[in-house]
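A.B. asks: following is a predicted model, sequence given first.
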Amino acid sequence: GTFEAGADVSFGNYNSIATRGFVNVPVSDQLAVRASFTQERNDGYQDTRGTTPENYFRANGYSIRLAARWEPIESITWLPSIGYLHDSGSPQYTVPVKSQRDRFSDWSRPVEVPGITDKDLYDINSRLEWRIGESWSMNYLAGFGKEDSFSQFAVGGQPRYTRVVQRTQNYSHELNINYNSSALKAVAGIYYFHEKPAGLLSVTTPTSQIQFYYIDEPTIRIKSKAAFGEVTYTATDELRLTGGIRYSDDHTRLPFAPLYVCLNRNAPLVERSPSCCFAGDLGAPDNRGSWSKVNWKLAADYDVAQGVMAFASVSTGYKTGGVGAAGAPIFDPENVTNYQIGAKGRLADGTITFALDVFMMKYRDQQVSAVRLVRGNNQTVTVNAGKSTIKGVELEGAWLATPRDRLDGYLSVIDAKYDKFVGQVDNFVSQTRTLDLSGNQMTRAPRLSGRINYTHTATLRNGFTIEPQISVYAQTREYLREFNLRDDKH
């Protein structure tokens, strides 16, 4: 390999600045090391009008990653990496209920509680590849992740402090075997994932503190196992056919959370604080769920011309269900059938690239976030929409006008609606009235969006390059909540 290094910086409104960079170092013929970083900050999108030291919805964080590629012998490659992310911004503010609304907007209003985020994420990943002859190979992938975080925020315009401590660990393993020849490509493998969450939530009122937590013990776990296989057959020089299947088996268990009342509103935010007394349990003694699913995929690729390929596919997908904490409802798995047809390729001696994708996704029990009244408090929980459809067209392209000038961008036209979504409750309007949201537009799904980027590459005398970029993005209205009310528009 060769030595490489690069960095870029971007600016935006709200005094936002984002930087990223990397350096690749070839240590020897067998070993190469890569280090990278990102950093982002802004003043916050939700103005608290000077009532808190910092605005809400504020970014202030950075991440670093160290990776390596080592080939001790010709048939073995090891790709380890380690990463760290720190976030010390502030969370998003939850808008108050309708009866408490006043002349202030959701994006500019006084807030009684300072917003605080202090999050640390760690991850370690490894990929070991063993090439067995010319056609066979075996891969073992392993990963470990850990989160330690604290957040503080206001809820619904009320003068109470809500604090959350989160401690989560997870690890995963995957073993797969691959076959690759001119006519046939195949992969088969097994996968295992285990997550162990633990945390504490505290609500401080003007006179006392109420806190509950789920204890760090073996009964709290999320486990997922899977077996999969996929085969691609080259039928002719132009046509390739693919078929795949995957079996998933998921288990979640989250027992009740002990509830404590602390007469001292400044009680330490720790388990079993000595100044707190036990008041009861939240949730079910044995809150659990188990789900399994077989998914499949059929696809075809066809080379219609030199450098241009057409494709079509039909596939099913599945996202496991889950168990809500401290009395929140259990939600079912999400299932989707995806239909896709399109084309991609290179034109004009490779100076023009394009990708056209026409798709439709039919969801059953799509998982969406909603605010629900849980144990007397508004909480964001996961619920299932009955049926929904996302269909649209996406076009991406790039044009290398000169060796130093590049124009690229995309255009997306999407129609994303809930076909059947009944029984929803908007706790910001009424805690008892149920609504029929069938036909509503999905959240964060603008019907039309697009971006155009212009990049110029300038080479300096010392061999380094500078690539200033101009980027323009535009989109139509989107909704931040599924109720599609006037205040939900963004």
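C.D. replies: All right, it came through fine.

A.B. asks: tell me the first helix or strand C-terminal of the helix or strand that contains residue 302.
C.D. replies: Using DSSP states H and E, residue 302 sits within strand 288-305. Using DSSP H and E, the helix or strand that follows strand 288-305 in sequence is strand 308-319.

A.B. asks: for that following strand, which strands pair with it and how are they oriented?
C.D. replies: Its sheet considered, strand 308-319 pairs with strand 288-305 (antiparallel), strand 334-347 (antiparallel) by DSSP bridges.

A.B. asks: pick the most buried one from these.
C.D. replies: strand 334-347 (a mean of 16; mean count of other CB atoms under 10 Å). Just so you know, the C-beta spots here come from the backbone N, C-alpha and C atoms, and that holds for glycine as well.

A.B. asks: heading C-terminal from it, find the next helix or strand.
C.D. replies: Next along the chain from strand 334-347, counting by DSSP H and E, comes strand 352-374.

A.B. asks: about what we covered before: nearest to residue 30, of the strands paired with strand 308-319?
C.D. replies: strand 334-347 (33.9 Å; CB to CB).

A.B. asks: alpha carbons of that closest one, as PDB, please.
C.D. replies: Output in PDB follows, covering the C-alpha atoms of strand 334-347 (Å, rounded to 0.1, in the frame of the first residue of the first chain):
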ATOM      1  CA  GLU A 334     -42.100  -5.800  11.500                       C
ATOM      2  CA  ASN A 335     -42.400  -7.600   8.100                       C
ATOM      3  CA  VAL A 336     -41.800  -6.100   4.700                       C
ATOM      4  CA  THR A 337     -42.000  -7.300   1.100                       C
ATOM      5  CA  ASN A 338     -39.700  -5.300  -1.200                       C
ATOM      6  CA  TYR A 339     -40.100  -5.100  -5.000                       C
ATOM      7  CA  GLN A 340     -37.300  -3.400  -6.900                       C
ATOM      8  CA  ILE A 341     -36.400  -2.800 -10.500                       C
ATOM      9  CA  GLY A 342     -33.800  -0.500 -12.000                       C
ATOM     10  CA  ALA A 343     -30.500   0.100 -13.900                       C
ATOM     11  CA  LYS A 344     -27.000   1.400 -13.200                       C
ATOM     12  CA  GLY A 345     -23.900   1.900 -15.200                       C
ATOM     13  CA  ARG A 346     -21.100   4.000 -16.700                       C
ATOM     14  CA  LEU A 347     -21.300   6.100 -19.800                       C
END
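
A.B. asks: state the mean pLDDT of the strand holding residue 302.
C.D. replies: Taken as a whole, strand 288-305 has a mean pLDDT of 95.

A.B. asks: contacts only, for residue 342.
C.D. replies: Counting by CB atoms under 8 Å, 6 or more residues apart in numbering, residue 342 makes contact with 310, 311, 312, 355, 356, 357, 358, 359.

A.B. asks: skip the chain neighbours and tell me the closest residue to it.
C.D. replies: Take residue 342 and drop its neighbours on the chain: the residue closest to it by CB to CB, 6 or more residues apart in numbering is residue 357, 4.1 Å away.

A.B. asks: count the neighbours of that neighbour for me.
C.D. replies: 16 (other CB atoms under 10 Å).

A.B. asks: pLDDT wise, what is it at?
C.D. replies: Model confidence at residue 357 (pLDDT) stands at 98.

A.B. asks: could you do residue 219 as well?
C.D. replies: 52.

A.B. asks: could you dump the strands paired with strand 308-319 to a markdown table with distance to residue 3?
C.D. replies: Shown next, in a markdown table, are the strands paired with strand 308-319 (distance: least, CB to CB, whole Å):
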| stretch | distance to residue 3 |
| --- | --- |
| strand 288-305 | 37 |
| strand 334-347 | 29 |
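
A.B. asks: would you map the strands across the stretch 101-250 of the chain?
C.D. replies: Assigned by DSSP state E, counting those that start in this stretch, the stretch 101-250 of the chain shows strands spanning 116-132, 136-153, 161-180, 184-204, 209-214, 221-234, 239-253.

A.B. asks: low-scoring stretches of the stretch 251-400 of the chain, by residue?
C.D. replies: 255-256, 271-274, 282-286, 325-327, 371-379 (pLDDT under 70).

A.B. asks: tell me who's in contact with residue 420.
C.D. replies: Residue 420 touches 385, 386, 387, 388, 438, counting by CB under 8 Å, 6+ apart.

A.B. asks: among those, which ones are in strands?
C.D. replies: The members of these that map onto strands under DSSP state E are 385, 386, 387, 388.

A.B. asks: need the residues you listed in JSON lines (columns: distance to residue 306).
C.D. replies: Formatted as JSON lines, those follow (distance: CB to CB, whole Å):
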{"residue": "385", "distance to residue 306": "45"}
{"residue": "386", "distance to residue 306": "47"}
{"residue": "387", "distance to residue 306": "43"}
{"residue": "388", "distance to residue 306": "40"}
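
A.B. asks: from the residues you listed, which is closest to residue 198?
C.D. replies: residue 385 (29.9 Å).

A.B. asks: closest to residue 14 out of the strands of the stretch 101-250 of the chain?
C.D. replies: The nearest among the strands of the stretch 101-250 of the chain, by CB to CB, is strand 116-132 at 16.6 Å.

A.B. asks: partners of that closest one in the sheet?
C.D. replies: Here, using DSSP bridges, strand 116-132 pairs with strand 76-87 (antiparallel), strand 136-153 (antiparallel).

A.B. asks: residue 297: which of the ones you listed is closest?
C.D. replies: It is, among the strands paired with strand 116-132 and with distance given as CB to CB, strand 136-153, at 20.0 Å.

A.B. asks: next, the buried residues of the closest one.
C.D. replies: By 16 or more other CB atoms under 10 Å, the buried positions in strand 136-153 come out as 137, 139, 141, 143, 145, 147, 149, 150, 151, 152, 153.

A.B. asks: the inter-axis angle of that strand versus strand 161-180?
C.D. replies: Relative orientation of strand 136-153 and strand 161-180, computed by axes from the mean of the first three to the mean of the last three CA atoms, to 10 degrees: 170 degrees.

A.B. asks: what is the rounded mean pLDDT of strand 136-153?
C.D. replies: On average, strand 136-153 scores 95.

A.B. asks: chain center to it, what's the gap?
C.D. replies: Chain-centre distance of strand 136-153: 13 Å, with CA atoms, centre = their mean, to the nearest Å.

A.B. asks: just stretch 170-190 next, same as before
C.D. replies: Counting by CA atoms, centre = their mean, stretch 170-190 is centred 25 Å from the centre of its parent chain.

A.B. asks: endpoints of it, how far apart?
C.D. replies: This stretch, stretch 170-190, spans 17 Å end to end (CA to CA, to the nearest Å).

A.B. asks: got a list of contacts for it?
C.D. replies: In contact with stretch 170-190 (CB under 8 Å, 6+ apart) are residues 135-146, 191-196, 222, 225-234.

A.B. asks: could you rerun that using 6 Å?
C.D. replies: Residues external to stretch 170-190 that are found in contact with it (CB atoms under 6 Å, 6 or more residues apart in numbering): 135-145, 191-195, 227-234.

A.B. asks: in that stretch, which residues are buried?
C.D. replies: Quick answer for stretch 170-190 (16+ other CB under 10 Å): 170, 172, 174, 176, 178, 185, 186, 187, 189.

A.B. asks: of all these, which two lie farthest apart?
C.D. replies: Taking CB to CB, no two of the buried residues of stretch 170-190 sit farther apart than 170 and 185, at 30.7 Å.
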